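>>> could you look at this predicted model? Sequence included:
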Amino acid sequence: MHVITQKDVENVIQKRIETGHKGTFGRVSVIGGNANMGGAAIMAVQAAVKAGAGLTTCISHKANLTALHARVPEAMFIDYFDNDALCKSVFQSNVVVVGPGLGTDETAKQVFSSVLKNANQTLIIDGSAITMLAEDDQLKKLTPSAKIIFTPHEIEWQRLSGLSQAEQTPAKNAAKALELNADVVLKKHGTEIYHLSGKCSKLTIGGPYMSTGGMGDTLTGICAAFLAQFKGDQDQILDAAVYTHSDIADLLAKERYVVLPSEIADNLQKYMKHRCNGQIL
Ligand SMILES: NC(=O)C1=CN([C@@H]2O[C@H](COP(=O)(O)OP(=O)(O)OC[C@H]3O[C@@H](n4cnc5c(N)ncnc54)[C@H](OP(=O)(O)O)[C@@H]3O)[C@@H](O)[C@H]2O)[C@@H](O)CC1
Ligand SMILES: Nc1ncnc2c1ncn2[C@@H]1O[C@H](COP(=O)(O)OP(=O)(O)O)[C@@H](O)[C@H]1O
Ligand SMILES: [Mg+2]
């Protein structure tokens, strides 16, 4: 098991080319946020924007538009009932996130199936989308032409893999990830990452000050932004994103009992600047 360190982050976060423009640093679409859980999508979107994605689109219930732009005017918005616009944005995105706050009703299933049919680069499947996929054989038949990354917590992983928490051993997790033909970020105290390449990585940072709703939604935005903008070893880029999420939490936890997901997003720009120049925080 590769223990992820600050070195992985410093290897991934490169100085930007002077002639870069929005498109140079990647297009991300986040699909989630039903009328009751808009915050999940907003947290994923704000994390993607603040982690450096060039262009980020939030595809969500229209009830979330005002709140989204109050917080993240940089993000574009598509009503997730506008299926044509949804499919176009997903098809044109380098990285797609589906699931945060999406829910598991009929609307969510329709939206998720459109995403599965159109994602063709990298697709991060999180939250409700994992739960839907675990429970719906029709959705399981829709195998997108994209590289798939699942980001389950232990219960979502139990649903998808069929492995109880006690059965979630590295060997069984790795075998299941291979069966699913995907990378799996198994979120817990000591998150483990099972790469399709066979590489297994783990975190030795992070803690209970992260146990607030929205922390996993935020992680998806960081992963999406890193994968959309950085070139090179995709396994190391994903490892670096997961490390960044917990490393910022650890730094903030020095002066906080609880670290909020939005605070992690708010500290991404400064953190990435320091890691880019190899500066010790
Ligand atoms: N502001 C918003 O809009 C927010 C929206 N959100 C959205 O909600 C959707 C549902 O996601 P979910 O994880 O909240 O519920 P679900 O998958 O039904 O699992 C519940 C069961 O799993 C357990 N459990 C939960 N977390 C665990 C963990 N980390 N590690 C281990 N166990 C864990 C939990 O345990 P218990 O609480 O019973 O002790 C219960 O048994 C999803 O789309 C997400 O994006 C949230 O992100 C929050 C903020
Ligand atoms: N005690 C803990 N130690 C380390 N990381 C934790 C702890 N509690 C929560 N986290 C992290 O917070 C995130 C929780 O993810 P998730 O349950 O999906 O949150 P969300 O409410 O956004 O769906 C994961 O990245 C997990 O590793
Ligand atoms: Mg979650």
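Okay, I see it. Ligands and ions are numbered 1, 2, ... in the order given.
>>> going forward, measure contacts between C-alpha atoms and count neighbours the same way
Fine.
>>> distance check, Ala182 against Ile17.
Here Ala182 is placed at a distance of 31 Å from Ile17 (C-alpha to C-alpha, to the nearest Å).
>>> centroid residue for this protein?
Thr220 (1.6 Å; C-alpha atoms, centre = their mean).
>>> hmm, back to that, who has more neighbours, Ala182 and Ile17?
Ala182 (21 against 8; other C-alpha atoms under 10 Å).
>>> spatially nearest residue to that one, not counting backbone neighbours?
Ile148 (5.0 Å; C-alpha to C-alpha, 6 or more residues apart in numbering).
>>> you'd agree the one you found is up against Leu123?
Yes: if you go by C-alpha atoms under 8 Å, Ile148 and Leu123 touch, sitting 5.0 Å apart.
>>> between these two, point out the one with more neighbours.
Leu123 (29 against 22).
>>> which residues touch the strand or helix carrying the more buried one?
If you go by DSSP states H and E, Leu123 is part of strand 122-125. Strand 122-125 is contacted from outside by 94-99, 146-151, 220, 224, using C-alpha atoms under 8 Å, 6 or more residues apart in numbering.
>>> now those as CSV including pLDDT, distance to Val242 and secondary structure?
Output for the contacts of strand 122-125, formatted as CSV (pLDDT from 0 to 100; distance: C-alpha to C-alpha, whole Å; DSSP: H, G, I helix; E, B strand; the rest coil):
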residue, pLDDT, distance to Val242, secondary structure
Asn94, 98, 19, coil
Val95, 98, 16, strand
Val96, 98, 17, strand
Val97, 99, 15, strand
Val98, 99, 17, strand
Gly99, 98, 18, coil
Ala146, 97, 20, coil
Lys147, 98, 18, strand
Ile148, 98, 16, strand
Ile149, 98, 12, strand
Phe150, 98, 13, strand
Thr151, 99, 10, coil
Thr220, 99, 9, helix
Ala224, 99, 11, helix
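>>> contacts with ligand 1 among the residues you listed, please.
Applying C-alpha under 6 Å from any ligand atom to those, one finds that Gly99 fall near ligand 1.
>>> show me the contacts for Tyr257.
Tyr257 neighbours (C-alpha under 8 Å, 6+ apart): Tyr209.
>>> does it sit in a helix or strand, and which one?
With DSSP H and E as the test, Tyr257 turns up in no helix or strand.
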